[in-house]
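Colleague: coordinates only, sequence not included:
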């Protein structure tokens, strides 16, 4: 397994035809995509994004705002764009991924072949929020409601102390995000949703078609906000199909 401060490469594939950068949700880690590497074909190399304040970056300060986060990530991703590449972002990760692509394009990098926006409303429907201002109990209740974190683990003080700073910091980034991206993407965009996700409407997901000058499609999968953890094989198959078209 090859790693850098920002990126983890679970199964290095030097001859891969395309690199797929995957970004986690608020408070999430590279572990969200742990099952993806063996499901991907040999011509797709997975690189999972590790954000500050978690895993082996616990001692690093959280970024002041989303543009600062994107700039740091872009510096790590830029040298790896020597071949076709794509971005998959889940929830907050979709917004970060979108801004990352725009940032890299402004720097003159080759455009991606695809952007996958998972469980996230399009920028024009962005909702701020105050979750990051709430106390620890309320923050844990929100995580449990979304289903991405075991409620039993959140009852353990040591786990809370380890997890909540990054969660709160990520919520602050996304809830104070100004949502004013500029320009259309030159690549196709796919929005993915869980059919039982109460956090997202079809209209909000379909709104991503306003941000591309190329193709767009919307895919639904059984499950809630974390549908991709419930059925990763079907999600990976859909991603690969679009990378090959």
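Modeller: Sure, I can see it. Computed from a predicted structure; not experimentally measured.

Colleague: which residues touch residue 217?
Modeller: By CB atoms under 8 Å, 6 or more residues apart in numbering, the residues touching residue 217 are 188, 190, 191, 242. Yep, even glycine has a C-beta here, placed from its N, CA and C like the rest.

Colleague: In helices, which of these fall?
Modeller: In helices, defined here by DSSP state H, the members of those are residue 242.

Colleague: From the contacts of residue 217, list the buried ones, please.
Modeller: 188, 190, 191, 242 (16 or more other CB atoms under 10 Å).

Colleague: my read: the second one touches residue 112, true?
Modeller: No - with contacts defined as CB atoms under 8 Å, residue 190 does not count as touching residue 112, sitting 11.9 Å away.

Colleague: Quick one: mean pLDDT over the lengthiest helix in the chain.
Modeller: Across the chain, the longest stretch assigned as helix under DSSP H is helix 157-175. Mean pLDDT, helix 157-175: 84.

Colleague: for it, the distance to its chain's centre please.
Modeller: Distance of helix 157-175 from the chain centroid (CA atoms, centre = their mean, to the nearest Å) equals 16 Å.

Colleague: and that helix, which residues are buried?
Modeller: 160, 163-164, 166-175.

Colleague: Which residues are in contact with residue 51?
Modeller: 24, 29, 57, 69, 166, 170.

Colleague: what number of residues lie near the fourth one?
Modeller: Neighbouring residues of residue 69 were enumerated by other CB atoms under 10 Å; the total is 20.
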